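Novice: the sequence and its predicted three-dimensional model are supplied below.
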Amino acid sequence: MAVVPASLSGQDVGSFAYLTIKDRIPQILTKVIDTLHRHKSEFFEKHGEEGVEAEKKAISLLSKLRNELQTDKPIIPLVEKFVDTDIWNQYLEYQQSLLNESDGKSRWFYSPWLFVECYMYRRIHEAIIQSPPIDYFDVFKESKEQNFYESQESVIALCTHLQQLIKTIEDLDENQLKDEFFKLLQISLWGNKCDLSLSGGESSSQKTDVLNSLEDLKPFILLNDMEHLWSLLSNCKKTREKASVTRVYIVLDNSGFELVTDLVLANFLLSSELATEVHFYGKTIPWFVSDTTIHDFNWLIEQVKHGNHKWVSKCGADWEEYVEMGKWVYHDHIFWTLPHEYCAMPQVAPDLYAELQKAHLILFKGDLNYRKLTGDRKWEFSVPFHQALNGFHPAPLCTIRTLKAEIQVGLKPGQGEQLMASEPCWWTSGKYGVFQYDGPL
Ligand SMILES: O=P(O)(O)OC[C@H]1O[C@](O)(CO)[C@@H](O)[C@@H]1O
Ligand SMILES: [Mn+2]
């Protein structure tokens, strides 16, 4: 086994991991409890007294969870039977086995940040599924929907841009097509600023005109491998036989505005024939506040389809058709809501790894995917991305991520240190972004 650096952890007092566990996660839990409170009458209307009792139970389980976290109690096994309960509990044992006798039990501030943060979202889900008949309830649904509604102006601008582009797409020469591809990639990158976990569950929608800000935002792209994506896909297009396919996979991140940017990009990939199929991977359970589930995916397409604007509703109708025709395929897999680093995928989820190997290109959206790709470890800034992937090479891949955690690899020697000196929050504020590619050149 290759030697890998230590995991980021709340042990490092003052680090972003520490502050997330200390402040951001309890704040999110408090919001979740508040959301349940606010839905009390809805639960009563739907389920009578049983609904109210269930709400009380979920709240008491979540309050207990918040207390465990704030007093740095040991991490306890999951109890409610669900598809992934055994895998989770095995992982808990594995984490425990990494500690020396004297270190005691896995604890919130002591264990790897990636592990405890994922565990927190899994425990929220456990509290909900332990509370029937409200065990279907997505505690983050409201915020995700609000994010979408608040971004309406940007959604209109983006859908209009896409539809105008499609009208003339056949007249575009290679360079023009490439420019448009790059524009939509950048929009999808900056769409990742809109997650609701970094903001502690508070609103974080797209209000500025991102289309017209791309030039101003360029200096904040620290690594830009867009050219590789273009060479790869335009080459697939040129060499593809008549009946054969080019598959692009998008491992989705947040619903709301970010998902719109991803679907616009996916639409462009089909319209430009850079891809013939787009496969989307979402989350099976509500995750990191704003992450996309199948419900969010379907809900958003439905909203766009019924949008009060000609070009918005045209997009929605086209997207629904792509899904019906199988040109867009949505997939679920429990692996995406496990705490494992992606290099463990061949062992933990060999079926998923085999599926990913069928891709011509995989786009990993967002910060959490980056953390899992690189194992959420204390890598040196200049370590090559290929090395940090630690053997995870299912197909050519690219991460499209705004920086929201203290991890970044593949920088030029001295670049990270320089940023650190001039702007200490450069890697946690979401201000900077990367397109980082790994695969044959
Ligand atoms: O939606 P994203 O881009 O994966 O970001 C999730 C966010 O949650 C965090 O885990 C913080 O809670 C950060 O790593 C990141 O900012
Ligand atoms: Mn997210």
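Specialist: Cool, got the structure. Ligands and ions are numbered 1, 2, ... in the order given.

Novice: interface residues of this structure facing ligand 2?
Specialist: With CB under 5 Å from the ion as the criterion, the chain comes near ligand 2 at residues 195, 253-254, 288, 291. In this view, the C-beta of every residue, glycine as well, is placed from N, C-alpha and C.

Novice: and the residue lying farthest from the centre of the chain, how far is that from ligand 1?
Specialist: Here the chain reaches farthest from its C-alpha mean at residue 49, the gap being 36.8 Å by CA atoms, centre = their mean. Separation of residue 49 from ligand 1 (CB to the nearest ligand atom, to the nearest Å): 36 Å.

Novice: ligand 1: which of the residues of the chain next to ligand 2 is nearest?
Specialist: The nearest member of those to ligand 1, counting by CB to the nearest ligand atom, is residue 195 at 3.2 Å.

Novice: of all the residues in the longest helix seen in the chain, which ones are buried?
Specialist: Counting by DSSP state H, the longest helix found in the chain is helix 49-70. Buried positions in helix 49-70, judged by neighbour count with 16 or more other CB atoms under 10 Å: 51, 54-55, 57-59, 61-62, 65-66, 68-69.

Novice: residue 83 - how many residues pack around it?
Specialist: A count of neighbours around residue 83, defined by other CB atoms under 10 Å, yields 9.

Novice: what's the answer for residue 148, then?
Specialist: Residues within reach of residue 148, counting by other CB under 10 Å, total 24.

Novice: pLDDT value on residue 1, please?
Specialist: If you check residue 1, the pLDDT there is 58.

Novice: over to the one 10 residues further on?
Specialist: Among the per-residue scores, residue 11 shows a pLDDT of 93.

Novice: for residue 441, same thing?
Specialist: Predicted confidence (pLDDT) for residue 441: 88.

Novice: neighbours of it, how many?
Specialist: Applying other CB under 10 Å, we find 10 residues neighbouring residue 441.

Novice: tell me how far the residue lying closest to residue 307 once chain neighbours are set aside lies from residue 150.
Specialist: Nearest non-adjacent residue to residue 307, counting by CB to CB, 6 or more residues apart in numbering: residue 313, 4.9 Å away. In this view, residue 313 and residue 150 are 19 Å apart by CB to CB, to the nearest Å.

Novice: for residue 244, what are phi and psi?
Specialist: In terms of degrees, to the nearest 10, the main-chain angles of residue 244 are phi -90, psi 170.

Novice: with adjacent residues omitted, what lies nearest to the residue sitting nearest the centre point of the chain?
Specialist: Against the mean C-alpha coordinate of the chain, by CA atoms, centre = their mean, the closest residue is residue 253 at 2.4 Å. Computed as CB to CB, 6+ apart, the closest residue to residue 253 that is not its neighbour in sequence is residue 366, at 3.0 Å.

Novice: what number of residues lie near the one you found?
Specialist: Neighbours of residue 366 (other CB under 10 Å): 26.

Novice: contacting residues for it?
Specialist: Residues near residue 366 by CB atoms under 8 Å, 6 or more residues apart in numbering: 192, 195, 253-254, 258, 400-402.

Novice: next: residue 29.
Specialist: Residues near residue 29 by CB under 8 Å, 6+ apart: 62, 65-66, 69, 120, 124.

Novice: output the strand or helix carrying it as PDB, nothing but the C-alphas.
Specialist: Applying DSSP states H and E as the criterion places residue 29 in helix 25-38. Extracted in PDB, the C-alpha atoms of helix 25-38 (Å, rounded to 0.1, in the frame of the first residue of the first chain):
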ATOM      1  CA  ILE A  25     -22.600  21.000  12.100                       C
ATOM      2  CA  PRO A  26     -24.500  21.900  15.400                       C
ATOM      3  CA  GLN A  27     -26.000  24.900  13.500                       C
ATOM      4  CA  ILE A  28     -27.200  22.600  10.800                       C
ATOM      5  CA  LEU A  29     -28.700  20.200  13.400                       C
ATOM      6  CA  THR A  30     -30.500  23.000  15.100                       C
ATOM      7  CA  LYS A  31     -32.000  24.000  11.800                       C
ATOM      8  CA  VAL A  32     -33.100  20.500  11.100                       C
ATOM      9  CA  ILE A  33     -34.900  20.300  14.500                       C
ATOM     10  CA  ASP A  34     -36.500  23.700  13.800                       C
ATOM     11  CA  THR A  35     -37.700  22.400  10.400                       C
ATOM     12  CA  LEU A  36     -39.400  19.400  12.000                       C
ATOM     13  CA  HIS A  37     -41.000  21.700  14.600                       C
ATOM     14  CA  ARG A  38     -42.400  23.900  11.800                       C
END
